[in-house]
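1. based on what follows, work out the 3D shape:
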Amino acid sequence: MIKENAIIKKDSFENWSKAKNFIPKKGEIIVYIDMGTKIGDGKTKVNDLPFIDYNSYSIEGSTLIINNMGGCKNA
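-> Next up, the predicted model:
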């Protein structure tokens, strides 16, 4: 298992749509409080990242476990 610290940014879809289309760092968590969550890969612009399927991860203590990134989808 790979353990990394995560950076979490959260805001509404309306406010995220006003932001520049930046590239989130690998493991950076982008929360759309009214839509879902994306996780940065260090290469893909935030608007092109898929939302993660809530069935594809779990939280154990303070650790986020991503079970299946194939379960991701775009909005």
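
2. any low-confidence regions in the chain?
-> Within the chain, the ranges that satisfy pLDDT under 70 run 1-7, 54-59, 62-64, 66-75.

3. all strands of it, in order?
-> 8-11, 29-32, 36-39, 57-60, 63-66 (DSSP state E).

4. tell me which of those is the most buried.
-> strand 36-39 (a mean of 20; mean count of other Cβ atoms under 10 Å). For the C-beta atoms, the positions are set from N, CA and C on the backbone; glycine is no exception.

5. export the strands of the chain to JSON lines and tack on distance to residue 19?
-> JSON lines is the format used below for those (distance: least, Cβ to Cβ, whole Å):
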{"stretch": "strand 8-11", "distance to residue 19": "8"}
{"stretch": "strand 29-32", "distance to residue 19": "10"}
{"stretch": "strand 36-39", "distance to residue 19": "13"}
{"stretch": "strand 57-60", "distance to residue 19": "24"}
{"stretch": "strand 63-66", "distance to residue 19": "23"}
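
6. so which of those strands comes closest to residue 48?
-> With Cβ to Cβ as the criterion, residue 48 lies closest to strand 36-39 of the strands of the chain, at 9.6 Å.

7. who does that closest one pair up with?
-> Neighbouring strands of strand 36-39 in its sheet, by DSSP bridges, are strand 29-32 (antiparallel).

8. got a list of contacts for the partner strand?
-> Residues outside strand 29-32 that contact it (Cβ atoms under 8 Å, 6 or more residues apart in numbering): 6-13, 16, 24, 37-40, 46, 49, 51, 64.

9. for residue 42, which non-adjacent residue is closest in space?
-> Sequence neighbours aside, residue 26 is the residue nearest to residue 42 in space, at 3.6 Å (criterion: Cβ to Cβ, 6 or more residues apart in numbering).
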